[in-house]
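# here are the coordinates; sequence isn't available:
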């Protein structure tokens, strides 16, 4: 059978461009499965900022990495097409780390930290959206690392993004005053009107440091940071005694050769007794099931609003991924595979 | 009665110099004490790096600050000379935050986070040394913030210093492999021979990053940082998964107008799930008594070696303090007051 693939052709220099990726079609023989193996197809591909880092340097990767000549990897919805594993009959669906390709033969007896079985009634879009990797990162980062308390002031950067919007809404559920930082009046309006945050700061037009000082008169107790750089510094300048900074991502530096530096003055971290903590979703495998239950429940109750931006067509994988870094998406970005002979 | 004082004359620009301080003698009337008050004298003055920061800017101070025209402040050994407070009869001794002056009238009914009564058999040098502010900072920072586990690799910067040498030795007591970073072959030899650390790195001649890579093949689990800057970066480059960085001080930037920046690439903090945490001794008042007991006990058992560098003479306060930043001291630096009519 024909297997379409998108490979990493070279490590992106600064911003990604189409020529960093290579399209290929190869033959895959799905008839010689070993015991425990299954032939699986990728039904839907998720786009997560962290995937960009895996393209840079094998050492600096998110538990996984992409070598040159490898398929690009993400947390996707897969479906079993043919099986020699009784636990995973034909039609079984799961989310897992998989490549940008139509099909793969996988040994489903090998434990994988990201493999998660889907109920038959879970929509692929929910699996990658409301309770996908981005939402679960928000969940474990905010609740398990950040430890928000009712009445505290929580600031979230990239608050209109796929991770930030969930972190901000969980903050509201937990009784925090929540300030979102986002780019542009439309996103900021959306944060206040739709997500019911207490305030929004537009980093493109506002002075973030001064706006935070005005919105957080008692300082920032908890900062959920997806961005880093100048925005991190502006929050550090407004941090409260015993403040916590959950370092989820530093997207300000992802699609470039620059790095996102830490605070300019570490004595501020000493004097204000601040805790800064990085984390990976894969640190908390024991939380996955509970997180997904909570997120689905909160979604059902309307406490978490979640938006998906679903694109179509395998051919569009690189361009869709690049859209993630230009802010051209509205909601969690994913791509429906146009598998030949499916749907 | 005559009261000698050293005041802050102006905020030091870059390195401190003698003209930043002003000597003054004033009259103090110790005869009109209010109920609860006592006339106390300063018997011995401690020199701690953090005092330098209090001279810079009122906002960036260590729970206390020194305004221009104020006496310089430190954690000192005081003795009650005259009392209208039954809990503190004449002759009572305590450590407390006090100024560079012979005498002061203080209201001992007001709670103070740093006030700690001394047993009559505790030597002033032990009160400021083995279980003084520096040693207690090492204790709470390493044990309460760092949470060392047996078998882990602990790195301590400024390991021959007053805080670092105690942190390193407590690390050994707790079963860690301990690497000390210090300046010069003499200090490094002392760390290995006298303090029995597993290795020492001389930041003046060694490449710290490479030496750490060689000494810590499984990475640095815990870093107790007194220095910051390039040394912090070298450790971050060698941090282990789930590493912790206790940010105790950043002495590389104290006696200058520069600041000590955080890590160059915060994604390292994300990928390695690193916790960086600042703290103040005053965060842990409930630990003081226990810390002092443990430290005195370990000192008695020879598990913690502690060295004091005791100077003499009120006139020498500024020059002694400046010695702290040129590395001219060997052990915890303190100054015995030559009170007229005492000793």
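Sure thing, it's come through. These numbers come from a predicted model, not from an experiment.
# so where is chain A shaky, pLDDT-wise?
Within chain A, the segments meeting pLDDT under 70 span A:57-63, A:254-255, A:341-343.
# residue contacts, the most centrally placed residue in chain A?
For chain A, residue A:134 is the residue whose C-alpha lies nearest the centre (CA atoms, centre = their mean; 3.1 Å). Residue A:134 makes contact with A:46, A:48, A:162, A:163, A:166, A:332 under the criterion CB atoms under 8 Å, 6 or more residues apart in numbering or on different chains. In this view, the C-beta of every residue, glycine as well, is placed from N, C-alpha and C.
# Please state the backbone phi and psi of it?
phi -70, psi -50 (degrees, to the nearest 10).
# which residue packs closest to it, ignoring adjacent ones?
Once flanking residues are discounted, residue A:134 sits nearest to residue A:162: 4.1 Å by CB to CB, 6 or more residues apart in numbering or on different chains.
# Compute the number of surrounding residues for that neighbour.
Neighbour count of residue A:162, defined by other CB atoms under 10 Å in any protein chain shown: 30.
# Can you classify whatever residue of chain A ends up closest to chain B by secondary structure?
In chain A, no residue comes nearer to chain B than residue A:262, which is 2.1 Å away by CB to the nearest CB. Under DSSP: H, G, I helix; E, B strand; the rest coil, residue A:262 falls in the coil class.
# Please name the nearest non-neighbouring residue to it.
Spatially, and ignoring its direct neighbours in sequence, residue A:262 is nearest to residue B:262 (2.1 Å; CB to CB, 6+ apart).
# again, but for residue A:232
In space, residue A:232 is closest to residue A:225, 5.6 Å off (CB to CB, 6+ apart).
# and that neighbour, what does it touch?
For residue A:225, the contact set (CB under 8 Å, 6+ apart) comprises A:157, A:231, A:232, A:235, A:245, A:246, A:247, A:248, A:249, A:250.
# mind redoing it with 10 Å?
A:141, A:155-158, A:164, A:167, A:181, A:231-232, A:235-236, A:245-252, A:260, A:276, A:278, B:266, B:270 (CB atoms under 10 Å, 6 or more residues apart in numbering or on different chains).
# sorry, back to before: show me what contacts the residue nearest to residue A:262?
Taking CB under 10 Å, 6+ apart, one finds A:232-233, A:236, A:261-266, A:268-269, A:276, B:228, B:232-233, B:236, B:245, B:247, B:250, B:269, B:276 in contact with residue B:262.
# Mind doing that once more with 7 Å?
Shown in contact with residue B:262 (CB atoms under 7 Å, 6 or more residues apart in numbering or on different chains): A:261, A:262, A:263, A:266.
# What of residue A:156?
So residue A:156 contacts A:164, A:167, A:168, A:171, A:178, A:180, A:181, A:224 (CB under 7 Å, 6+ apart).
# Confirm that it sits in a helix.
No: when three-state DSSP is applied, residue A:156 is found to be strand, with no helix at that position.
# check which helix or strand covers the closest residue to residue A:175 other than its chain neighbours.
For residue A:175, ignoring the flanking residues on the chain, the nearest one in space by CB to CB, 6+ apart is residue A:150 at 3.2 Å. Using DSSP states H and E, residue A:150 falls within no helix or strand.
# Ramachandran coordinates for residue A:150?
phi -50, psi 140.
# Pretty sure it sits against residue A:178.
No: Residue A:150 is beyond contact range of residue A:178, at 12.0 Å (criterion: CB atoms under 7 Å).
# Looking at those two now, which is surrounded by more residues?
Using other CB under 10 Å, the more surrounded residue of residue A:150 and residue A:178 is residue A:178, with 29 against 8.
# Give me the contact list for the strand or helix carrying that one.
In this structure, residue A:178 sits in strand A:177-182 according to DSSP H and E. Around strand A:177-182, the neighbours that count as contacts under CB under 7 Å, 6+ apart are A:153-160, A:168, A:171-172, A:188, A:191, A:197-203, A:208, A:215-216, A:231.
# tell me which residues of that strand are tucked away?
Across strand A:177-182, burial judged by 16 or more other CB atoms under 10 Å in any protein chain shown covers A:177, A:178, A:179, A:180, A:181, A:182.
# With stretch A:110-122 instead?
A:113, A:114, A:115, A:116, A:118, A:122.
# try stretch A:299-307
So stretch A:299-307, judged by 16+ other CB under 10 Å, has buried residues A:299, A:304, A:305, A:306.
# and what of stretch A:279-288?
Using 16+ other CB under 10 Å as the test for burial, stretch A:279-288 gives A:279, A:280, A:281, A:282, A:283, A:284, A:287, A:288.
# check these against chain B, which are close?
Contacts with chain B within the buried residues of stretch A:279-288, as defined by CB under 7 Å from any CB of the partner chain: A:279, A:280, A:283.
# contacting residues for the first one?
The neighbours of residue A:279, taking CB under 7 Å, 6+ apart as the test, are A:140, A:141, A:145, B:273.
# before we move on, what about the last one?
Neighbouring residues of residue A:283 by CB under 7 Å, 6+ apart: residue B:273.
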